[in-house]
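Visitor: Whatever this is, show me its structure:
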Amino acid sequence: MTATLSGYQFLETLHSGSKTVIYRGRRETDNASVIVKTLLCEHPPLEDIARLRHEYQIIEPLRIPGIVKA
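Guide: Down below sits the predicted model:
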């Protein structure tokens with residue numbers, strides 16, 4: 001099952017784990033390529049949300065060539 005996110009078109013699933021799935025897609029407003037990581041569960045436990053938020057906080061300030069910008 002592919003998730004839906006307003007303003008984005010998911011083209012393929014790159015990875016599907018036990019709690020998360022990673023999609024390659026396109027932002028519809030400017031046709032930019034995107035990678036989206038989302039939780040599988042419709043109503044995930046707070047621990048899973050906190051883990052995903054922590055991953056974002058780690059990668060967001062990085063400005064290194066070759067690392068995807070958050």
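Visitor: Local confidence estimate at the closest residue to residue 59 other than its chain neighbours?
Guide: Counting by C-beta to C-beta, 6 or more residues apart in numbering, residue 59 lies nearest to residue 70, which is 4.9 Å off, once chain neighbours are set aside. Just so you know, the C-beta spots here come from the backbone N, C-alpha and C atoms, and that holds for glycine as well. Residue 70 is assigned 87 on the pLDDT scale.
Visitor: Tell me how many other residues surround residue 70.
Guide: 13 (other C-beta atoms under 10 Å).
Visitor: dump the residue contacts of it.
Guide: 56, 59, 60, 62 (C-beta atoms under 8 Å, 6 or more residues apart in numbering).
Visitor: now the strands: where do they sit in the protein?
Guide: Using DSSP state E, the strands of the chain run over 8-16, 20-27, 33-39.
Visitor: any low-confidence regions in the protein?
Guide: Scanning the chain with the threshold set as pLDDT under 70 gives 1.
Visitor: hmm, try it at 50
Guide: For the chain, not a single residue meets the criterion pLDDT under 50.
Visitor: could I get the strands of the chain as TSV with mean neighbour count and distance to residue 66?
Guide: Formatted as TSV, the strands of the chain follow (neighbours: other C-beta atoms under 10 Å; distance: least, C-beta to C-beta, whole Å):
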stretch	mean neighbour count	distance to residue 66
strand 8-16	13	16
strand 20-27	16	17
strand 33-39	14	13
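Visitor: Tabulate those strands in CSV, adding columns for distance to residue 45.
Guide: Formatted as CSV, those follow (distance: least, C-beta to C-beta, whole Å):
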stretch, distance to residue 45
strand 8-16, 19
strand 20-27, 13
strand 33-39, 9
